[in-house]
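S.K.: My questions concern the predicted model and sequence given below.
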Amino acid sequence: MTKSKTSCLAFSHHDHKRCQNKLLSAARDLCESRNLRLTERRKQVLQILLQSHQPIGAYDILAQLNQGQARIAPPIVYRALEFLLEEGLAHRIECKNAFIGCVHPGHQGATQFLICKDCDKVAELENPVSALQEDARNVGFVIDHSVVELTGTCADCQQNVG
Ligand SMILES: [Zn+2]
Ligand SMILES: [Zn+2]
Ligand SMILES: [Zn+2]
């Protein structure tokens, strides 16, 4: 746990309110430095994603946005999500068909996910080129999309069972 301490933020006990605020302001800084606009809508969607370290589906995001009298159409949510994914502020969790806010916004390179099937929390790992990718490269295969999602039980949930 020492090397990937930050990456496993989701599984560590922490003040999530602070974590959420920190990630939001990191996202703002990142957009500013890239000359991108973190519009109100994009920010709202990111805020929803960062409510917890559990992934949330597009329709649940939409439902939250439309809690008041707002009537936001699905494409608007998808566009905001697309922006967040492209800029590395959020990730798609394929096996859940859902999204999470990134815990270290703007990072480059491979991301692997640890998904707890009990508490539904998702942690990010950032291992550099894996043996798998190396093998692909050795046979001249060019990877354009790679998804590494490990499902299991986090340390906390293992304790709860016992
Ligand atoms: Zn947190
Ligand atoms: Zn990330
Ligand atoms: Zn768990």
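M.R.: Received it, and whenever you're ready, just let me know what you need. Numbering: from 1, shown residues only. Ligands and ions are numbered 1, 2, ... in the order given.
S.K.: separation between Lys121 and Ile100?
M.R.: Using CB to CB, to the nearest Å, Lys121 is found at 9 Å from Ile100. No exception for glycine: its C-beta is placed from N, CA and C like everyone else's.
S.K.: Comparing these two, which residue is more hemmed in?
M.R.: Just comparing Lys121 and Ile100: by other CB atoms under 10 Å the higher neighbour count belongs to Ile100, 24 against 19.
S.K.: what sits in contact with each of Lys121 and Ile100?
M.R.: The contact sets of Lys121 and Ile100 overlap at 53-54 (CB atoms under 8 Å, 6 or more residues apart in numbering).
S.K.: Pull the helix or strand where Glu134 lies out as PDB, backbone CA atoms only.
M.R.: Here Glu134, judged by DSSP states H and E, is contained in helix 131-138. C-alpha atoms of helix 131-138 as PDB (Å, rounded to 0.1, in the frame of the first residue of the first chain):
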ATOM      1  CA  ALA A 131       3.800  -7.400 -19.100                       C
ATOM      2  CA  LEU A 132       0.700  -7.800 -21.100                       C
ATOM      3  CA  GLN A 133       1.300  -4.700 -23.100                       C
ATOM      4  CA  GLU A 134       4.900  -5.600 -23.500                       C
ATOM      5  CA  ASP A 135       3.800  -8.900 -25.000                       C
ATOM      6  CA  ALA A 136       1.400  -7.200 -27.400                       C
ATOM      7  CA  ARG A 137       4.200  -4.800 -28.500                       C
ATOM      8  CA  ASN A 138       6.600  -7.700 -29.100                       C
END
